[in-house]
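Peer 1: Below are the sequence and a predicted model; questions follow.
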Amino acid sequence: AIAVIEMAAGDTLLDLPLFASLTPRPTWFSPSFCLYLKHLAPAKCSERQERGEGNDPAKPSGARRYACAVGRRPMTTMNDNTDAQSVPTPPIVPPVRPARPSGVALAPRDIAIIRDIARFRFLSSHQIHALHYAGTTHENATKRLTQLASGGMLSRVFSYPRVKSTDRNNGRPTAIYFFPQQDQKNVKDFLEKIGKASDWNEIEIFLKTFNNAREFSQQYLAHEIGISQFFLELEKNCREPNAPELVFWERTSPISKEAQAIIPTQSKHMVIYPDGFFCLKYSRGYAFFFLEYDNDTASLPKYRRKLEGYAQYRDGKHFAPLLSHYLNKYLVPHPDPTRAGFRVLTVTPHGRRRNNLFLDSLKLKAFKFFLFADIHDILTHGVTGKTWLRGKEFAEIQKQIDALPAETAPIARARFIAERMPTMERVTFED
């Protein structure tokens, strides 16, 4: 700072009486001090130069006198006949700073965020922003989430999306938050320490056993965030007027040991691992659904075998034990679980994958059992709206396909179908 002062206006810049008269006394580079440098000091310097002052090397400048006063530099006097004589500099004692409190204080909104991450297992910063920071920017949400992660209250990894030229956040990584056991312990200890154990009880009821704190693959993160987005939309849609009641939903991905203990293995080639299970209540009764969130990684025959496993699971009447378990778990009254059915929902990342899986599923001839949508359909029309493709509504297009000439090339046939798929009627869960 002394060097800046001397370089700004010369050796005779700083006039201590004038500097001391400023009230309150400014600190280095405060607005008041900058004003002094800009206006008052140059004028004072010019006055002293006109009087011939400030040119005697035997007299230390104001800047040097001030530096000596604060212990920054020894005072020296120099002339042609004497050597430099140094005045001993007093030791500089660093200021004593108060100890910074460890950990991060949790506000009510922080506790609500942690509770939702415990419910959904994985949430992106954008999803948390939509849930809890609707009145502010994503940057503000990210800043607070980063503080929670740094304080050991949450954990996060980063997902790097595929680059798209039309994407507004082209190539930017997204933080994915989760809540492993070490973070659970930190939050529990903190809330108990400040007398808010009841807040922990509200979080604890949603917790799953989740020990994995490694770096996840990009495909895995995209899959888990897609599942979270589906259930976020389901909850939002069921809060709307005239919507069905959401009785319960449960995420079963990663693989649920609880569900797998009840679901029998069809064969080593046909094992079903649903991503979610939920129940809706309509005026005419309950409806049950398995969720499969497809990540565009399985071949068509491989995915068809997965759907075939669900068909065998239904035809073998294996659903009643699993349903009875969940009805008892969530205290849902049902007259006869053995007579209840279910449907399988497939959600894809884009429309082309949705159409390919739907057309291939027609080979199973389960035209009302499997429903298909892509995530953009759900964001536009909702989970409970006219969103879903079903085999029954494909009958009219099938008639047109059957009327094509036998020599129609496969590429022409595929184009014919693709042109008619957008005209296909969509259905709701009640249809």
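Peer 2: The structure has been received and is ready for your questions. Residues are numbered from 1 along each chain as shown.
Peer 1: Distance across stretch 207-221, terminal residue to terminal residue?
Peer 2: End-to-end distance for stretch 207-221: 19 Å, by CA to CA, to the nearest Å.
Peer 1: and residue 353, what does it touch?
Peer 2: Residues in contact with residue 353 (CB atoms under 8 Å, 6 or more residues apart in numbering) are 294, 296, 374. Using the backbone N, CA and C atoms, a C-beta is placed for each residue, glycine as well.
Peer 1: Distance-wise, check the first one relative to residue 139.
Peer 2: If I follow you right, that is residue 294. Between residue 294 and residue 139 the distance is 32 Å, computed by CB to CB, to the nearest Å.
Peer 1: which of these two has more neighbours?
Peer 2: Counting neighbours by other CB atoms under 10 Å for residue 294 and for residue 139 shows that residue 294 has the greater number, 20 against 10.
Peer 1: my guess is the more buried one meets residue 357, correct?
Peer 2: Yes: under the criterion of CB atoms under 8 Å, residue 294 makes contact with residue 357 at 6.6 Å.
Peer 1: Which residue ranges of the stretch 251-400 of the chain form strands?
Peer 2: 276-282, 285-293, 343-348, 370-374, 389-390 (DSSP state E, counting those that start in this stretch).
Peer 1: Of the ones you listed, which is nearest residue 146?
Peer 2: strand 285-293 (27.8 Å; CB to CB).
Peer 1: Show me what that closest one is in contact with.
Peer 2: 223, 226-227, 230, 244, 247, 253, 272, 274-281, 306, 310, 323, 332, 334, 340-347, 429.
Peer 1: Please apply the same query to stretch 329-339.
Peer 2: Taking CB under 8 Å, 6+ apart as the rule, stretch 329-339 contacts 247, 248, 279, 286, 317, 320, 323, 324, 326, 327, 340.
Peer 1: any shared contact partners between residue 294 and residue 357?
Peer 2: By CB under 8 Å, 6+ apart, the residues touching both residue 294 and residue 357 are 303, 346, 348.
Peer 1: hmm, back to that, can you turn the buried subset of the contacts of stretch 329-339 into a selection I can paste into PyMOL?
Peer 2: Here is the PyMOL command that selects the buried residues among the contacts of stretch 329-339 (16 or more other CB atoms under 10 Å):
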select buried, resi 247+279+286+323+326+327+340
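Peer 1: Closest one to residue 108 out of the contacts of stretch 329-339, please.
Peer 2: Nearest member of the contacts of stretch 329-339 to residue 108, counting by CB to CB, is residue 248, at 25.6 Å.
Peer 1: Okay, and the closest one sits in which element?
Peer 2: strand 245-251 (DSSP states H and E).
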